[in-house]
Structure formats: C-alpha cells, structure tokens
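[1] Need a 3D model of the following:
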Amino acid sequence: MPTTLNPDQIIDLIQNDPEFAINFIIDNNPSAVESNISSLSIALPQNPSNLQLREVIDDLLNDSDNEDAPATINEILDVNYLDAVDGYTGNLSDELQDLGVANGTIIQDANASAGLIVGAIAGILGAVGQVWGGILNNKALALQQQIINDEQEHELDMLEKTKVFGIPQTIVLAIIGFFCVIMIMLFLARKKK
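    Numbering: from 1, shown residues only. As a prediction, this is how the structure comes out:
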C-alpha cells in the first residue's frame, strides 16, 4: 500500500472502499486473521502471505451457494487493531477511535493493550454483505441473460428445423397453396370451355 496516504485519506478509504478496508484489516493483523481462518477449519498453507489470506476472503465472497459467507467473513475479520505496527495501518488509533465514536460504536477492547477492534470500523461488516450481495446479483443477472440467450437459440433452432430445402415452412406452404389456387382456377377455366 502506498505510504503517501495521510491518516484522513486512510480513514476515508476505510469508510468508503470495502476492498481497502478488508486489506487494511489483513495488513494490520495478519496473524489474527490467519488464526480466525484456521479456527474455521479453512485450509491454509503454512505461513500464508497476506495475499493468500485475502484469497480466502475472495473465495467466500464468490461462493454464492454459501449463505453463511458474509457471517464467516465477518468472523474472520473480527480481529484486534494493532496500533504499534509499521506501514500504513499503524499509528491510527486516535483516528479510528474518533471514527468509532462518530459511528456510535464502542471500539475499545477490554484488553487495553490490544487496542481497537478493527471489525467495528465504520460499517465494514455491512460492506462485506453489500459486496457479497452485489456478487450474487451479478450472478443472477448473468444466469438470467443465459436463459434469454438459450431461449433465443432454441427458437432459432426450431425455425431451422421447420425449413424445407432451406426455405421456411410457412413460405413453402404459401407457395403450395398459391399453386393449388392457380391449378383450381385453370381446371375450372378449362371445364367452362
């Protein structure tokens, strides 16, 4: 993550970008995230990287058959905030505390040395649900479009099956009917003579 972000920009991203907020939590306390994943019996390689931890979250986000995915993600991300870490996630306890007070959320942990609970950051749990809901919506739209495409393909296939010598059956029947009318007229005209 770029170190050019100031604390206000980081807090703004946490509030408004669920992807950033998830990465922030993982980057701040990867060992606790790993521990939460392991406690749920989700397979992880030994000494997983932050990217591998994020892949577990992404797999859950993309699992539209698992209705418990948002709750599982929230459980994984419910870790203590570590203020004394290097990088963009450290030294933000005051800003995060202000954010928690502004949102009416108590974010002080019972263990003062553990700091703040990042899981309480400005709607991150709700944001995970929104991301998951968006993925489900996209899958439903894709399925709906596939059904429409299949229906159109079926109709075209049925039209192709009714063709006679490459000509639609209705045209062939109209031509035959036209010739029958002409033949009847010729027969009646001949009979009058």
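[2] Output the lowest mean pLDDT helix or strand found in the protein.
    Here the helix or strand of the chain ranked lowest by mean pLDDT, DSSP states H and E is helix 93-102, holding a mean of 65.
[3] those helices in the protein, which residues are they?
    In the chain, the helices defined using DSSP state H lie at 7-16, 18-28, 30-39, 50-61, 69-77, 93-102, 124-161, 169-192.
[4] which stretch in the ones you listed has the least confidence?
    Mean pLDDT is lowest for helix 93-102 among the helices of the chain, at a mean of 65.
[5] Go through the helices of the chain and pick out the most buried.
    The highest mean neighbour count among the helices of the chain belongs to helix 18-28 (a mean of 22), with neighbours defined as mean count of other CB atoms under 10 Å. Every C-beta, even on glycine, is put in place using the N, C-alpha and C of the backbone.
[6] For that one, C-alpha coordinates in CSV please.
    Extracted in CSV, the C-alpha atoms of helix 18-28 (Å, rounded to 0.1, in the frame of the first residue of the first chain):
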residue,chain,number,x,y,z
PRO,A,18,-14.8,-2.2,1.3
GLU,A,19,-11.9,-3.7,-0.6
PHE,A,20,-9.4,-1.3,1.0
ALA,A,21,-11.0,-1.9,4.5
ILE,A,22,-10.6,-5.7,4.1
ASN,A,23,-7.0,-5.3,3.0
PHE,A,24,-6.4,-2.8,5.9
ILE,A,25,-7.6,-5.4,8.4
ILE,A,26,-5.5,-8.2,6.9
ASP,A,27,-2.4,-6.0,6.6
ASN,A,28,-2.7,-4.7,10.2
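[7] quick one: it to chain centroid distance?
    17 Å (CA atoms, centre = their mean, to the nearest Å).
[8] And for stretch 148-166?
    For stretch 148-166, the distance to the chain centre is 34 Å (CA atoms, centre = their mean).
[9] cool, and stretch 81-93?
    29 Å.
[10] Any buried residues in that stretch, and which?
    For stretch 81-93, burial by neighbour count (16 or more other CB atoms under 10 Å) applies to 81, 82, 83, 88, 89, 92, 93.
[11] quick check, nearest of these to residue 47?
    Within the buried residues of stretch 81-93, the smallest distance to residue 47 is 18.4 Å, found for residue 82 (CB to CB).
[12] coming back round to it: make a markdown table out of the buried residues of stretch 81-93 and add distance to residue 156.
    As requested, the buried residues of stretch 81-93 are exported to a markdown table (distance: CB to CB, whole Å):
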| residue | distance to residue 156 |
| --- | --- |
| 81 | 58 |
| 82 | 60 |
| 83 | 64 |
| 88 | 55 |
| 89 | 56 |
| 92 | 59 |
| 93 | 63 |
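[13] Out of these, the closest to residue 171 would be?
    Out of those, the member with the shortest distance to residue 171 (by CB to CB) is residue 88, at 70.4 Å.
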